[in-house]
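Participant: Any chance you can model this:
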Amino acid sequence: MKTKVRLEEISFARSGDKGDVCSVGLIAKTSKSYDTMIHEITPEKIKSHFGDMVKGGVELYPMPNVECLHVVLRKALGGGATKTLRYDQTGKAMGQALLRMEVDVENDVLTEARQTMEKIFEKYGKAWG
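Facilitator: Numbers count the residues shown, from 1 in each chain. Presented below is the predicted three-dimensional model:
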């Protein structure tokens, strides 16, 4: 059975920019999460999620050796840091915005991703809190 959840349930993100191009690394929380990401995340879904914010193309580059997707968003920053009137003129927040996109996830994949996060919090939680 599948559940619709935000992408943040099964992945982490790191993003940056060069001019008007934003690059987002989506890092899977588990191997099963990566398999789900490969099937659920498409350029069309990402483009729809961002709407008018991304005026150019969206490219996906799977990186199976590190269970990651490299997402390239073209014409995504209102012209770039020196031209845009956006509040966040660089791509730093775009990864977090992408993590809000909803995907359909098998319940066992979701459970495993959540258990992985519990282990991370157990190990490093004191440092964060």
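Participant: Every contact and neighbour count from this point should use C-alpha atoms.
Facilitator: Noted.
Participant: Can you give me the distance of the closest residue in space to T30 that isn't next to it in sequence to E9?
Facilitator: Leaving aside its chain neighbours, T30 sits nearest to A113 (6.1 Å; criterion: CA to CA, 6 or more residues apart in numbering). A113 sits 7 Å away from E9, taking CA to CA, to the nearest Å as the criterion.
Participant: Next, the buried residues of whichever strand or helix holds the residue nearest to T30.
Facilitator: In this assignment (DSSP states H and E), A113 forms part of helix 107-128. By neighbour count, with 16 or more other CA atoms under 10 Å as the criterion, the buried positions of helix 107-128 are V109, L110, E112, A113, R114, M117.
Participant: same question, stretch 50-62
Facilitator: Using 16+ other CA under 10 Å as the burial criterion, the residues of stretch 50-62 that qualify are F50, V54, V58, E59, L60, P62.
Participant: Reformat the residues you listed into TSV and put pLDDT and distance to T30 next to each item.
Facilitator: Putting those into TSV (pLDDT from 0 to 100; distance: CA to CA, whole Å) gives the following:
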residue	pLDDT	distance to T30
F50	95	25
V54	94	28
V58	98	24
E59	98	23
L60	98	19
P62	98	15
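Participant: and the spatially closest residue to Y61 that is not a sequence neighbour, what is it in contact with?
Facilitator: Spatial nearest neighbour of Y61, chain neighbours left out: H70 (4.9 Å); criterion: CA to CA, 6+ apart. Applying CA atoms under 8 Å, 6 or more residues apart in numbering, we find H70 in contact with S23, V24, G25, L26, L60, Y61, P62, M63.
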